[in-house]
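> just a sequence and a predicted model for now, questions to come.
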Amino acid sequence: MKKKMFAVTVMFLALGTASAEEVLTGDTRLACEAVLCLSSGTRPNECAPSLNRYFSITARKFSDTLKKRRNFLNLCPVSNQTPEMASLISAQVNGAGRCDAKSLNHTLIKYHGWGTGQIYISNQMPDYCAAYTGHAYTDFGSSGTMPRYVGTPKEGGYWVNAKDYDRAQAEYNARLKEKRRQNRENSWLKR
């Protein structure tokens, strides 16, 4: 929470240097709101317009999408005032929308053995997600909203949203216990 408050304070101090007549509007305002909203794993309804604007920015190539999104966030006057803010923008561009459980389960599929068709989901969060969720100006860890891994990769593990972790872990353990029981029964039948 302290990190989030520091980022908010930095932003408002920078914006406070503008005169009363210079109120942010349009994309500049949406960009600043998006920077704040992307810094938190718990986002109020007031974030919807800025996040809709941010995630609606697309291009044919994914790298061009990221460039356009970076340009949008850089419209916020404080985006490059300090190295920390510049690194926050970079972390947000590379991680936002790519570090939730659904995205991790999709992008972290690994193939085990050629031609066997066996796959597993890695339990190692990509560097861009670690940079985003662990940034000093975000609160994913302290707010308990960071995705968590259930199980082990070799035994069908997968990522879940933090709020679903306890339930998912219990279901995983029950499935694993049943699978082991069935394997024991099958091994006795083959003797």
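Right, received. Where do you want to start?
> every contact and neighbour count from this point should use C-alpha atoms.
OK.
> mind checking how far E33 is from L24?
Look at E33 and L24: by Cα to Cα, to the nearest Å, they are 10 Å apart.
> out of the two, name the residue with the larger neighbour count.
Taking neighbours as other Cα atoms under 10 Å, E33 and L24 compare with E33 leading, 20 against 15.
> next one: phi and psi at that one?
Dihedral pair for E33: phi -60, psi -40, per degrees, to the nearest 10.
> ok, it touching N45?
No. Assessed by Cα atoms under 8 Å, E33 is found out of contact with N45, at 11.9 Å.
> which strands or helices does the helix or strand that contains A130 pack on?
Using DSSP states H and E, A130 sits within helix 127-133. Under the contact criterion of 3 or more Cα pairs under 8 Å, 6 or more residues apart in numbering; DSSP states H and E, helix 127-133 touches helix 83-95.
> show me which residues of the helix it packs on are buried.
M85, S87, L88, I89, S90, A91, Q92, V93, N94, G95 (16 or more other Cα atoms under 10 Å).
> which strands and helices lie in contact with that helix?
Contacts defined by 3+ Cα pairs under 8 Å, 6+ apart place helix 83-95 against helix 26-38, helix 62-73, helix 127-133.
> now the helices for the protein?
2-16, 26-38, 48-55, 62-73, 83-95, 101-107, 127-133, 140-143, 165-189 (DSSP state H).
> so which of the ones you listed gets nearest V150?
Ranking the helices of the chain by proximity to V150 (Cα to Cα) places helix 165-189 first, at 5.6 Å.
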